[in-house]
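Student: Show me the folded form of this:
(one chain, ligands or ions: 2)
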Amino acid sequence: MSDTRAHKRFRSQEWFDNPNNPGMTALYLERYQNQAYTREELQSERPVIGIAQTGSDIAPCNKIHVFLIDRIKAGIRDGGGIPMEFPVHPIQETGKRPTAALDRNLAYLSLVEVLHGYPIDGVVLTTGCDKTTPAMLMGAATVDIPAIALNGGPMLDGWWKGKRAGSGTIVWESRRLLAEGKIDYDEFISRVCASAPSLGHCNTMGTASTMNAMAEALGMTLTGNSAIPAPFRERMNMAYETGKRIVQMVLDDLKPSDILSREAFENAIVVNAAIGGSTNAPPHLQAIARHAGVELTVKDWETIGFEVPLLLNMQPAGEYLGESFFRAGGVPAVMGELRKAGLIRDAAMTASGKTMGENLTGWDSGDLDVIRTVAEPLRQNAGFLVLSGNLFDSALMKTSVISADFRQRFLSQPGQEGIHEARAIVFEGPEDYHDRINDPALNIDENCILFIRNVGCVGYPGSAEVVNMQPPDALIKQGINHMPTVGDGRQSGTSESPSILNASPESVVGGGLAFLETGDRVRLDLNARTMNALVDEAEWQRRRDAWNAPELVNQTPWQEIYRKHVGQLADGGCLELATAYHKVAKSLPRD
Ligand code: FES
Ligand code: MG
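Tutor: Ligands and ions are numbered 1, 2, ... in the order given. Reported below is the predicted structural model:
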């Protein structure tokens, strides 16, 4: 019998139509036929399209995909493909302890195994809640079969007593009111629940909306996908069109490696600044880039992104929520405005089969109050600063959320603009912070900087969203709502805190933060992009020599595996060994 494999059009035919191995072929056919696919369709020249289902009862932010699935499948059928839905390990930001960040790499790993080891020719990646989006894109980048992302969409706008109540953002505000004694426990809960009025993911420009905007800016979605609210009819239409489109992508062999170019990542960095996007985007984009084999460094975020102006007036950097963003045109409107100013790399290929420039032709802001122009932005220089010094090699600061009040209080001493010298208060983790923040013995005043350590990828494990620490209650009562905070963890994308975060390397692996002591003087110089402990070198070296890595306690086998293989936030927090694997779909038959 001659080997017909060379003539096969799709990898799924390795399973379903392989005369070289009738035994296995029959076994594959009988089992997939028994759940309603026919032999004829499985052996026809029709691609099998996987649908990576991230929604479930335990993952409410993505639950909408359970209802969108019929439209995705209809699109795939009408496009000429065969849909096959499969489950993805859940990553619910608000549900998983110790942190959902721990599971991004686990969902990535399991997606790689499914896409590599099953008869799948192309895949629809359902995305939504924070880490679901990067996990799906990382997996697709590693496997490199045709892939397209479909967001579930943000919730409807939340309202509380006639004011917009945005996901997360209302939590930070309500915590301060609770600390001031202005609201009680029940009102606190009612306020926060009001921000979640429907299915969908966070309705602020938190990490979920940010990462879906990143997927679109990278070219991994159809134009206009990311901002459509979950309950809108346009969302169902987008699900159908995305299903239809992936079939053509398989026929054209349009793969992540054709889309995820250096230019695509540069577009994403520019868009992140213009939308006031989350500080979680840099590690996630870094991870996607590394799995795609694209050079990107944390410093690129400042070089490419810092001077980009803020165009989107959406919480936490602005005032509106997801519905307004969608009605103003969503991501293509923001990109259209950026493009008019020459800030978009037009040539980047996208999932539509056209370049980004072609997709954006004719797009501009549909509401200038919500999406501004580059000529009249909400603010200039909205990107991240990347700081370094003896406390870390790199840490990020989101400048678009620095309020005038904060700038005035901490960064505007005459002749010293952008410089702040202060006394360090060091916490060993969130438990220590909660135990001691109101301890009068610490004598915290506005000339302090709050530090938190042991909360990075290895330390926490998974890296915790805890760097946006609230000042002591006594200072809040005096009207000081934000103090400078620094840490080796992350902060929520919905936070409006101007923290210095993602400090790498983290303290538990011997980063400089490990040697800082409460009472040390610390100097932040935004002009020089530095932060240093003002401790003389001999003393610093003495502390370094005396330092012992803390003992880390694992609660589950995955925590131990993760800690053994994870890298630093500046490098994407990847499983380092996984970054050596590229285009693994190519290496198929065994057997
Ligand atoms: Fe899931 Fe915000 S918590 S999207
Ligand atoms: Mg979060």
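Student: what's the neighbour count on the spatially closest residue to residue 227 that is not a sequence neighbour?
Tutor: Among residues not flanking residue 227 along the chain, residue 330 sits closest, at 3.1 Å (CB to CB, 6 or more residues apart in numbering). All C-beta spots, glycine's among them, are computed from the backbone N, C-alpha and C. Neighbour count of residue 330, defined by other CB atoms under 10 Å: 26.
Student: Quick check: pLDDT value at residue 330.
Tutor: As predicted, residue 330 sits at a pLDDT of 98.
Student: Residue 172 against residue 493, yeah?
Tutor: No. The criterion here is CB atoms under 8 Å, and residue 172 misses it with residue 493 at 11.7 Å.
Student: In terms of neighbours, single out the busier of the two.
Tutor: Neighbours were counted for residue 172 and for residue 493 using other CB under 10 Å; residue 493 has more, 27 against 20.
Student: Please report phi then psi for that one.
Tutor: Note on residue 493: backbone dihedrals following degrees, to the nearest 10 are phi -70, psi -20.
Student: wait, doesn't it sit right on residue 168?
Tutor: Yes. Assessed by CB under 8 Å, residue 493 is found in contact with residue 168 at 7.4 Å.
Student: how about the helices in the stretch 101-250 of the chain?
Tutor: 101-117, 132-143, 169-179, 185-194, 207-217, 233-252 (DSSP state H, counting those that start in this stretch).
Student: residues in contact with the residue lying closest to residue 430 once chain neighbours are set aside?
Tutor: With CB to CB, 6+ apart as the criterion, residue 430 has its nearest non-adjacent residue at 4.6 Å, and that residue is residue 466. Listed by CB atoms under 8 Å, 6 or more residues apart in numbering, the contact set of residue 466 reads 429, 430, 433, 452, 455, 487, 489, 490, 491.
Student: Show me which residues of the stretch 151-300 of the chain sit near ligand 1.
Tutor: 167, 201, 202, 206, 208 (CB under 6 Å from any ligand atom).
Student: What about those, which one has the most neighbours?
Tutor: When neighbours are taken as other CB under 10 Å, the top entry among those is residue 208 (36 neighbours).
Student: Hmm, it is touching residue 134, no?
Tutor: No. Under the criterion of CB under 8 Å, residue 208 makes no contact with residue 134, lying 10.9 Å away.
Student: ok, the residue nearest to residue 227 - contacts?
Tutor: Contacts of residue 330 (CB under 8 Å, 6+ apart): 224, 226, 227, 228.
Student: ok, it to ligand 1 distance?
Tutor: According to CB to the nearest ligand atom, to the nearest Å, residue 330 stands 17 Å off from ligand 1.
Student: Need the phi and psi values for that residue.
Tutor: Dihedral angles (degrees, to the nearest 10) for residue 330: phi 70, psi -160.
Student: One more: residue 480?
Tutor: Dihedral angles for residue 480 - degrees, to the nearest 10 - are phi -100, psi 100.
Student: Roughly how far does it sit from residue 169?
Tutor: In this view, residue 480 and residue 169 are 19 Å apart by CB to CB, to the nearest Å.
Student: repeat for residue 127
Tutor: For residue 127, the distance to residue 169 - CB to CB - is 21 Å.
Student: and the contacts of residue 330 as a markdown table, adding pLDDT and neighbour count?
Tutor: Conversion of these to a markdown table gives the following (pLDDT from 0 to 100; neighbours: other CB atoms under 10 Å):
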| residue | pLDDT | neighbour count |
| --- | --- | --- |
| 224 | 98 | 19 |
| 226 | 98 | 31 |
| 227 | 98 | 29 |
| 228 | 98 | 25 |
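Student: what's the closest of those residues to ligand 1?
Tutor: Ligand 1 lies nearest to residue 226 out of these, by CB to the nearest ligand atom, at 12.6 Å.
Student: my guess is that closest one meets residue 209, correct?
Tutor: Yes. Counting by CB under 8 Å, residue 226 does reach residue 209; the two are 7.2 Å apart.
Student: what about the closest residue in space to residue 423 that isn't next to it in sequence, how many neighbours?
Tutor: Nearest residue to residue 423, sequence neighbours excluded (CB to CB, 6+ apart): residue 448, at 5.0 Å. By other CB under 10 Å, 21 other residues sit near residue 448.
Student: Would you check how far apart the closest residue to ligand 2 within the stretch 451-591 of the chain and ligand 1 are?
Tutor: Per CB to the ion, residue 492 is where the stretch 451-591 of the chain lies closest to ligand 2, at 4.2 Å. From residue 492 across to ligand 1, the span is 8 Å (CB to the nearest ligand atom).
Student: just checking, that residue touches residue 206?
Tutor: Yes. Taking CB under 8 Å as the definition, residue 492 is a contact partner of residue 206 at 6.5 Å.
Student: about what we covered before: tell me the one of the contacts of residue 330 nearest residue 579?
Tutor: residue 226 (26.2 Å; CB to CB).
Student: so who does the closest one touch?
Tutor: 151, 209, 212, 213, 215, 216, 330, 331.
Student: shouldn't the last one be in contact with residue 227?
Tutor: Which is residue 331. Yes. The pair residue 331 / residue 227 is scored as a contact, 6.0 Å apart, by CB under 8 Å.
Student: okay, and the common contacts of these two?
Tutor: residue 213.
Student: Could you check how many residues crowd around the nearest residue to residue 474 once chain neighbours are set aside?
Tutor: Computed as CB to CB, 6+ apart, the closest residue to residue 474 that is not its neighbour in sequence is residue 438, at 7.3 Å. By the criterion of other CB under 10 Å, residue 438 has 14 neighbours.
Student: likewise the one 5 residues further on?
Tutor: A count of nearby residues for residue 443, using other CB under 10 Å, gives 11.
Student: distance of it from residue 294?
Tutor: Between residue 443 and residue 294 the distance is 48 Å, computed by CB to CB.
Student: what does residue 165 give?
Tutor: Taken as CB to CB, the span from residue 165 to residue 294 is 38 Å.
Student: With residue 502 instead?
Tutor: Distance from residue 502 to residue 294, by CB to CB: 20 Å.
Student: More neighbours: the two, which one.
Tutor: residue 502 (31 against 18).
Student: sorry, back to before: could you find which two of the contacts of residue 226 are furthest from each other?
Tutor: 215 and 330 (12.5 Å).
Student: May I ask which helix or strand of this structure has the lowest mean pLDDT?
Tutor: helix 404-410 (a mean of 79; mean pLDDT, DSSP states H and E).
Student: Could you spell out the sheet neighbours of the helix or strand that it is followed by, each with its direction?
Tutor: Per DSSP states H and E, the first helix or strand lying C-terminal to helix 404-410 is strand 419-427. Strand 419-427 has its sheet partners listed here by DSSP bridges as strand 448-452 (parallel), strand 521-525 (antiparallel).
Student: Count the neighbours of residue 531 for me.
Tutor: 25.
Student: Please name the residues that touch the residue in the stretch 451-591 of the chain positioned nearest to ligand 1.
Tutor: Nearest residue of the stretch 451-591 of the chain to ligand 1: residue 494, at 7.3 Å (CB to the nearest ligand atom). Neighbour list for residue 494: 166-169, 171-172, 202, 204, 206-207, 278, 315-316 [criterion: CB under 8 Å, 6+ apart].
Student: Pick out whichever of these sits closest to residue 27.
Tutor: Checking these one by one against residue 27 (CB to CB), the nearest turns out to be residue 207, at 42.7 Å.
Student: Distance-wise, check that closest one relative to residue 283.
Tutor: Residue 207 is 10 Å from residue 283, by CB to CB.
Student: ok, and the closest non-adjacent residue to residue 509?
Tutor: residue 458 (5.8 Å).
Student: Show the subsequent helix or strand relative to the helix or strand where residue 334 lies.
Tutor: Applying DSSP H and E as the criterion places residue 334 in helix 330-340. Next along the chain after helix 330-340, taking DSSP H and E as the criterion, comes helix 356-360.
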